[in-house]
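Undergrad: Return atomic coordinates for the entry below.
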Amino acid sequence: MKRRGVTLLELLVVLSIIGIATFFSYFSFSGYLDKVKLNAAAKETASQLHLAKEMARSSQKETEVKCQGNTLFLNTSQVKLPQGIVFEPSKTFQFSSTGNPLPGFNGSVVVKGRKSSKKIIVTSLGRIRIE
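TA: Below is the predicted model:
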């Protein structure tokens, strides 16, 4: 007489393997999400700096961008960074009507996450890049 099905021991072994795999994949996935959030915040910051530069050119007026805490201020609008990501140190950028930063308002700001960071650099010629 043959029995069909699985024993309790076999079931427990399979469930423990699934549990261990889930445990390790969770930590791997959470690290991946942190990197995605950091990259998105850095790209959004660079995009807002490009927008400020173009606004200064098109309006022929100086434009200011403040990166402070977890918020970027551009004119009357605010852009919040994802939770756990901040600007370090706080930095103000000002663009002239030509689109170049005013003297003393170029430089870099760091977008910092839990484990890593990205640097956004604005050169004296107005070039914006992420490192």
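
Undergrad: Which positions within stretch 115-127 qualify as buried?
TA: Neighbour counts over stretch 115-127 (16 or more other Cβ atoms under 10 Å) mark 118, 120, 122, 126 as buried. For the C-beta atoms, the positions are set from N, CA and C on the backbone; glycine is no exception.

Undergrad: how far out from the middle of the chain is that stretch?
TA: Computed by Cα atoms, centre = their mean, to the nearest Å, the separation of stretch 115-127 from the middle of its chain amounts to 13 Å.

Undergrad: Stretch 48-60 too?
TA: On Cα atoms, centre = their mean, the centre of stretch 48-60 falls 22 Å from the chain's centre.

Undergrad: and that stretch, which residues are buried?
TA: Buried positions in stretch 48-60, judged by neighbour count with 16+ other Cβ under 10 Å: 48-49, 52-53, 55-57.

Undergrad: In helices, which of those residues appear?
TA: Judged by DSSP state H, the subset of these located in helices is 48-49, 52-53, 55-57.

Undergrad: on that earlier part again, what's the lowest-pLDDT member of the buried residues of stretch 115-127?
TA: Within the buried residues of stretch 115-127, the minimum per-residue pLDDT falls on Gly126 (91).

Undergrad: Strands of the protein, start to end?
TA: Ranges of strands in the chain, per DSSP state E, are 63-68, 71-74, 77-80, 86-88, 91-95, 107-112, 117-122, 128-130.

Undergrad: Which one, of these, ends up nearest to Glu44?
TA: Of all those, strand 77-80 sits nearest to Glu44, with 6.3 Å by Cβ to Cβ.

Undergrad: so what does the closest one touch, helix or strand wise?
TA: Contact analysis of strand 77-80 by 3 or more Cβ pairs under 8 Å, 6 or more residues apart in numbering; DSSP states H and E lists strand 71-74 as its packing neighbours.

Undergrad: of the buried residues of stretch 115-127, closest to Thr92?
TA: Nearest member of those to Thr92, counting by Cβ to Cβ, is Val122, at 11.0 Å.

Undergrad: circling back: now distance to Phe105 too, for the ones in helices among the buried residues of stretch 48-60, in JSON lines please.
TA: Listed next are those as JSON lines, based on distance: Cβ to Cβ, whole Å:
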{"residue": "Gln48", "distance to Phe105": "15"}
{"residue": "Leu49", "distance to Phe105": "11"}
{"residue": "Ala52", "distance to Phe105": "11"}
{"residue": "Lys53", "distance to Phe105": "12"}
{"residue": "Met55", "distance to Phe105": "15"}
{"residue": "Ala56", "distance to Phe105": "11"}
{"residue": "Arg57", "distance to Phe105": "16"}
